[in-house]
Each structure stands twice: as structure tokens, then as C-alpha cells.
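> Got a predicted model here, sequence first, then my questions.
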Amino acid sequence: MPSETEVTTDRMQWGHLIRAIAAHQDRSAFATLFEYFGPRIKAFMQRSGVSEATAEELAQETMLAVWRKAALFDPASAGGAAWIFTIARNLRIDAHRRERRGGVIETSDVEIEFQIDDAPQPDARLATAQSEERIRSALSNLSADQMRVVELSFFEEKAHAEIAQILGIPLGTVKSRLRLAMSRLRNLLSELS
């Protein structure tokens, strides 16, 4: 059994490494923590009843949280090991709650820093709007017959034979109108660019 001095030294060492990560993102300090705590957290998770794969994932999530939240560590309130295992325990509880809800992750379960904004960036939205406007303008320059064939083929996803049947025209005429419409659109779009 370790002496009280050894326990205090360990507590100070872990806290010192966490503070080094917080102060200047010390990769060596993080590697030392990861090497020591990674397997222990995984074992802790497996003892709590999670699968080996989930335990590995939660151990990695814990260590990632240690890296990102090192500045929040307060050595006055808890030792480094206790702080790390508290993060691990909280992640295990969150994972268990998600599992009970059928694996659905709700926004309230995830910290804002882990959320990904899938919305298009303003410049992408502008480019899309400009492209759409150019296409609308080009489409408005097609003849009514060509436009109808394009609508049926691309917007309603009808087969060429089905378009011929709907419009009561030969299949060759459908293909010809479509080919001419695409050629005209290409030319119009290159002029508008």
C-alpha cells in the first residue's frame, strides 16, 4: 500500500501535468496522462458494464475532455486523478442516458464546443443563390416544348419513353428536344458566367 507521501506526490504530479496542458498545451504532459489514465479509465468503464469498444471510446473521450478542459482544473477542490475520473464517470452516465433513449443524442447532451454547424457559410449561400438565378434565367430562354421535356425529365424524373407517352410525341423527338435544350442551357450559362 502506498504511503501518504507517495499519494500526495502522485496527486501533485497529476495536477502539475494538467496545469501544464492548460498553460501551454504541453503534449508531453498529455502523453504522460494518457498513457497512465487511458487503460485505467477503460478498465473502469468495463467494470461498470460497458462493452470493450464503448469503454475504449469513452476513455478517449475522457482524455480529449482533459485536454480541452485542463484550464478548468482546480487543484484546491480535487486531485488530478479524481478530476479525470469524474469526467469519465460523467461521460459514462451521459452514454448510459443516450442508450436508454435509443442512442439518440440530444443537443442538451453535447457541449456547444462539440456541436457542428452544418449550415452553409454566407459565401456558399450567396454563390448558390447566384447559381440558381443564372439557371432560372437560362431556363426561361428555352422554348415551351424544350422546357416541358426538361421539367418532365429532370424535375419529375420521368423516363424518356414515359415523357414520349405523356406528350404524345415520338421517343426520338423527346431525345432531340432534350439534347437541344441541354446544349442551349450550356451556352446560356457560359454566357451568363
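Received, thanks.

> For the closest residue to Arg177 other than its chain neighbours, which residues are in contact?
Once flanking residues are discounted, Arg177 sits nearest to Val149: 4.4 Å by Cβ to Cβ, 6 or more residues apart in numbering. Backbone N, C-alpha and C define where each C-beta goes, glycine included. Contact partners of Val149, counting by Cβ atoms under 8 Å, 6 or more residues apart in numbering, are Ile163, Leu167, Val174, Arg177, Leu178, Ala181.

> how does it look with 7 Å?
Residues near Val149 by Cβ atoms under 7 Å, 6 or more residues apart in numbering: Ile163, Val174, Arg177, Leu178, Ala181.

> what sits up against stretch 50-66?
For stretch 50-66, the external contacting residues (Cβ under 7 Å, 6+ apart) are 18, 33-34, 37-38, 41-42, 45-46, 84, 87-88, 91-92, 95.

> can you map out the helices along this structure?
Along the chain, counting by DSSP state H, helices occupy 4-24, 27-47, 52-69, 80-100, 122-140, 144-150, 160-167, 171-192.

> can I get those helices in JSON lines with mean pLDDT?
Below are the helices of the chain laid out as JSON lines (pLDDT from 0 to 100):
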{"stretch": "helix 4-24", "mean pLDDT": "71"}
{"stretch": "helix 27-47", "mean pLDDT": "90"}
{"stretch": "helix 52-69", "mean pLDDT": "90"}
{"stretch": "helix 80-100", "mean pLDDT": "85"}
{"stretch": "helix 122-140", "mean pLDDT": "78"}
{"stretch": "helix 144-150", "mean pLDDT": "90"}
{"stretch": "helix 160-167", "mean pLDDT": "92"}
{"stretch": "helix 171-192", "mean pLDDT": "87"}
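
> which residues does Trp14 contact?
Contacts of Trp14 were listed using Cβ under 7 Å, 6+ apart, and they are Gly79, Gly80, Ala81.

> quick one: it from Ala71, how far?
16 Å (Cβ to Cβ, to the nearest Å).

> One more: Glu35?
Distance from Glu35 to Ala71, by Cβ to Cβ: 22 Å.

> Glu157 too?
Going from Glu157 to Ala71 by Cβ to Cβ gives 54 Å.

> same thing with Ala53?
For Ala53 relative to Ala71 (Cβ to Cβ), the value is 30 Å.

> Ile87 now?
Counting by Cβ to Cβ, the gap between Ile87 and Ala71 amounts to 14 Å.

> Neighbour count for the two, which is higher?
Of the pair Ile87 and Ala71, Ile87 is the one with more neighbours under other Cβ atoms under 10 Å, namely 21 against 10.

> Could you check the pLDDT of the nearest residue to Ile21 once chain neighbours are set aside?
Nearest residue to Ile21 in three dimensions, chain neighbours excluded: Ala70, at 4.0 Å (Cβ to Cβ, 6+ apart). pLDDT for Ala70: 87.
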